[in-house]
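In: give me a 3D structure for the following:
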Amino acid sequence: MTTVVGAIGAFILLGIMLLIHEAGHFVAAKRSGIVVEEFGFGYPPRLATLFRRGGTEYTLNAIPFGGFVRMKGEDDPEGPGSFVNASKRKRVTVLLAGAGMNLLLAVAMFTAAFVVGYPVLQQGARVTRVLEHTAAAEAGLQANDIILQIDDHVLRDWTDLAPYVKGRPNELVELVVRREGELLFFKARPQSVDGQGHLGIEFKPAVSLRRFPLHQALVQGVRVTGQFLWLTLSLPVMLLRGSVPLEAARPVGPVGIYQLASSAAQYVLASGRWFAILELGGMLNAAVALTNLLPLPGLDGGRLLFIIAEAIRGERVAPEREGAIHFIGMMVLVLLAVFITVQDVVLGVPVPDWSQIGL
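Out: This next block holds a predicted model:
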């Protein structure tokens, strides 16, 4: 069941990202007076023409995934209304609009995640497992207990628990625990293992869902989008410094997105907490926006680079030459996508623990 839901979730996420991206180009082109000859739902071969309006043919295509916009004269002048003959300002606007729509959708999805309920770190450490025949088991601790305090040490940071216990082998400690809203008090004597205290529990941060009012959720959505973009842009520096392992920064392709969507869908089905799929959608849209603006031939950023060169030189590169460069760039990108997909299949993609995502 979760495999099917994951496949559907990945398909929908990718389709929405691509369709909203093309819709941005479409609206900007129309407003700039550029003729849009076709807006396709899905990718060719064409199945049917749905209707024609405003000089644009709206088509339904065989590959039901995303969409595309075909503008008049994208790579060669074709008279009035062609993309190539539009002013630099209009061409820049059209090219930026795709990534801009993805960024807006990223903010919207992050905002929705905060509205429906987003995990927020609580005080304390949540017990996930109590080992048999240990101090914790003898004291009466149970899974899902939240340890708030040990002796007079309040656990404002859940990571403080382990070093405190390790430093007190065979010493009696007092625990303040919250269990289903009730405060309980326990005494335990951590067993000595290799000279360190051992309570006999596994634990993780304590989190709770918090629903934000819309205005606060919007602020958080903008903030998280900005943080994600900054983190992505900072990755090369962090890789050089060794603060991020290379495998953690590996890009993912459709197979990797499927694996991530599957994990998020599984979590949503098990918990009913929709933030996981919304947050994943926000991250993917922000990543798509940033990727499309990279100054590489075949991408919107590559076309922007040619417009910048045109502004500096005072004349544009011959359209047929520019078109050939973009075609070569696209072929390289396709090969890169195939390589990334193989990596996803062979190595897999580390999936997050959605229950521990939080502020």
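In: pretty sure Phe185 sits against Val177.
Out: Yes: look at Phe185 against Val177 with Cβ atoms under 8 Å: they come within range, at 7.4 Å. Every C-beta, even on glycine, is put in place using the N, C-alpha and C of the backbone.
In: for the two, indicate the residue with more neighbours.
Out: Applying other Cβ atoms under 10 Å to Phe185 and Val177 shows that Val177 carries more neighbours, namely 21 against 9.
In: tell me which stretches of the chain form strands.
Out: For the chain, the strands defined by DSSP state E occupy 36-53, 56-71, 118-130, 146-150, 153-154, 173-179, 182-188, 191-193, 196-198, 201-210.
In: wait, which of those strands is closest to Ala265?
Out: strand 118-130 (17.2 Å; Cβ to Cβ).
In: name the surrounding residues that touch that closest one.
Out: 136-137, 141-149, 154-156, 158, 161, 178, 200-212, 220, 273, 275, 355-359 (Cβ atoms under 8 Å, 6 or more residues apart in numbering).
In: what's the offset of it from the middle of its chain?
Out: Strand 118-130 has its C-alpha centroid displaced from the chain centroid by 24 Å (Cα atoms, centre = their mean, to the nearest Å).
In: please apply the same query to stretch 49-64.
Out: Offset of stretch 49-64 from its chain centre (Cα atoms, centre = their mean): 31 Å.
In: for the stretch 101-250 of the chain, give me the ranges with low pLDDT.
Out: 244, 246-249 (pLDDT under 70).
In: again with the stretch 251-359 of the chain
Out: Counting by pLDDT under 70, the low-confidence segments of the stretch 251-359 of the chain come to 355-359.
In: try it again with 90
Out: Scanning the stretch 251-359 of the chain for pLDDT under 90 picks out the ranges 251-274, 276-277, 288, 291-292, 294, 296-299, 309-359.
In: which stretches of it form helices?
Out: 254-271, 275-292, 300-313, 319-347 (DSSP state H, counting those that start in this stretch).
In: and those, which is most packed in?
Out: Most buried of the helices of the stretch 251-359 of the chain, by mean neighbour count (mean count of other Cβ atoms under 10 Å): helix 275-292, with a mean of 23.
In: could you check the angle that helix makes with strand 201-210?
Out: Using axes from the mean of the first three to the mean of the last three Cα atoms, to 10 degrees, one finds that helix 275-292 and strand 201-210 are set 80 degrees apart in direction.
In: show me what helix 275-292 is packed against.
Out: helix 2-31, helix 88-116, helix 214-241, helix 254-271 (3 or more Cβ pairs under 8 Å, 6 or more residues apart in numbering; DSSP states H and E).
In: before I go, just wanted to say thanks for your time.
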